[in-house]
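# compute the structure for the input listed below.
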Amino acid sequence: MNKITISKFSAEFLGTLVLVLMGCGSAVIAGANGTNGVGLLGISFAFGLSVVAMAYTIGHISGCHINPAISIGMVLAGRMKVGEAALYILAQLLGAIAGAAILYAIASGKSDYLIGVNGLGQNGYGELSPGHYSLVAGFWAEVVLSFIFLLVVFGSTSSKNINGGFAGIAIGLSLVLIHIVGIPITGVSVNPARSIGPALIVGGGALTQLWLFIIAPILGSILSAVVWRYVLNQD
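Model prediction:
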């Protein structure tokens with residue numbers, strides 16, 4: 001790999017690591033209800049602020065995808081080559097696993113922490129859904145929320161957008177909004193890497209349900225790329 005490729009790979013690795021560590025970490029460490037917890041809104045903002053922070057840190061290096069669904073969407077929208085997207089996705093997966101591993105190392109330092117009980121902010125449906133929403137509800141939520149999220153990404157980063165300098169803020173705030181609505185349903189993925197990292201370490205049901213949080217965000221990304229490229233982004 002040349003120097004530019006290494007920089008992009010490293011940026012995507014570190015950005016995804018931060019997203020998982022800080023976003024999932026807010027749920028595991030600071031998310032409890034009550035005076036010592038940040039609650040649903042706090043967790044939502046932790047995910048969104050992680051994206052904002054990373055967008056202005058690594059955005060000029062890699063574009064700050066930190067999400068395989070975004071990289072796939074960029075390919076379909078004609079903004080990225082397949083080979084480069086594959087490299088991004090590898091970096092994102094490794095970064096998510098590293099972020100989840102670091103979170104586990106920190107969380108397990110608390111005497112009453114049990115990974116089978118407290119988890120690592122993994123996603124789930126049915127009995128593993130925070131609000132006990134069904135598989136069907138979880139699937140539709142992830143497809144639609146991913147579709148909306150990718151539209152914001154496409155629109156805010158478009159070369160035709162005169163407010164492109166604020167793309168990181170728009171994308172981060174849209175992720176906050178998505179989490180406010182979606183946390184009770186699945187815990188919110190809209191990002192296969194964000195789901196894969198914690199699930200691999202937690203195992204059990206989180207791992208058996210992981211397929212939904214890979215397929216649904218990618219499907220939402222594909223639909224969004226098609227709508228953006230052939231319906232909304234007309235010359």
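# tell me the average confidence for the longest helix seen in the chain?
Ranked by residue count and defined by DSSP state H, the top helix of the chain is helix 82-107. Helix 82-107 shows a mean pLDDT of 97.
# where along the protein do the helices fall?
Using DSSP H, the helices assigned to the chain run over residues 3-18, 25-29, 39-62, 68-76, 82-107, 115-118, 135-156, 167-186, 192-202, 205-208, 210-227.
# quick one, the longest helix of the chain and helix 39-62 angle?
140 degrees (axes from the mean of the first three to the mean of the last three Cα atoms, to 10 degrees).
# circling back: save the helices of the chain as a markdown table, and put in mean neighbour count too.
The way it works is simple: take the backbone N, C-alpha and C, and place the C-beta from them, glycine included. Output for the helices of the chain, formatted as a markdown table (neighbours: other Cβ atoms under 10 Å):
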| stretch | mean neighbour count |
| --- | --- |
| helix 3-18 | 20 |
| helix 25-29 | 23 |
| helix 39-62 | 19 |
| helix 68-76 | 26 |
| helix 82-107 | 20 |
| helix 115-118 | 13 |
| helix 135-156 | 21 |
| helix 167-186 | 20 |
| helix 192-202 | 26 |
| helix 205-208 | 16 |
| helix 210-227 | 21 |
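# wait, which of those helices is closest to residue 233?
With Cβ to Cβ as the measure, helix 135-156 is the member of the helices of the chain nearest residue 233 (7.4 Å).
# follow-up on the earlier one: among the helices of the chain, which is nearest residue 125?
Closest to residue 125 of the helices of the chain is helix 135-156 (Cβ to Cβ; 3.5 Å).
# what's that closest one packed up against?
The contact analysis (3 or more Cβ pairs under 8 Å, 6 or more residues apart in numbering; DSSP states H and E) places helix 135-156 against helix 68-76, helix 167-186, helix 210-227.
# state the mean pLDDT of the shortest one.
Helix 68-76 comes out with an average pLDDT of 97.
# touching that helix from outside, list them.
63, 65, 80-82, 85, 88-89, 92-93, 146, 150, 153-154, 190-193, 217-218, 220-222, 224-226, 229 (Cβ atoms under 8 Å, 6 or more residues apart in numbering).
# what's the pLDDT at residue 161?
At residue 161, pLDDT is 74.
# so what's the residue count around it?
Using other Cβ atoms under 10 Å, residue 161 is surrounded by 14 other residues.
# how close does the residue sitting nearest the centre point of the chain get to residue 175?
Most central in the chain under Cα atoms, centre = their mean is residue 191, positioned 3.7 Å from the mean C-alpha point. Residue 191 sits 9 Å away from residue 175, going by Cβ to Cβ, to the nearest Å.
# if we can go back for a sec, quick one, which of the helices of the chain gets closest to residue 128.
helix 205-208 (5.1 Å).
# ok now the closest one, how far from the chain's centre?
18 Å (Cα atoms, centre = their mean, to the nearest Å).
# for residue 80, grab phi and psi.
Dihedral pair for residue 80: phi -150, psi 150, per degrees, to the nearest 10.
# look up how far residue 226 lies from it.
Residue 80 is 15 Å from residue 226, by Cβ to Cβ.
# try residue 68
18 Å.
# surely residue 138 touches residue 184?
No - contact criterion Cβ atoms under 8 Å: residue 138 and residue 184 do not qualify, at 10.7 Å.
# shared neighbours of these two, which are they?
Shared contacts of residue 138 and residue 184, counting by Cβ under 8 Å, 6+ apart, come down to residue 129.
# ok, the closest residue to residue 23 other than its chain neighbours - contacts?
Of all residues not flanking residue 23 in the chain, residue 47 sits nearest, at 3.9 Å (Cβ to Cβ, 6 or more residues apart in numbering). By Cβ under 8 Å, 6+ apart, the contact set of residue 47 is 19, 22-23, 26, 175-176, 179, 188.
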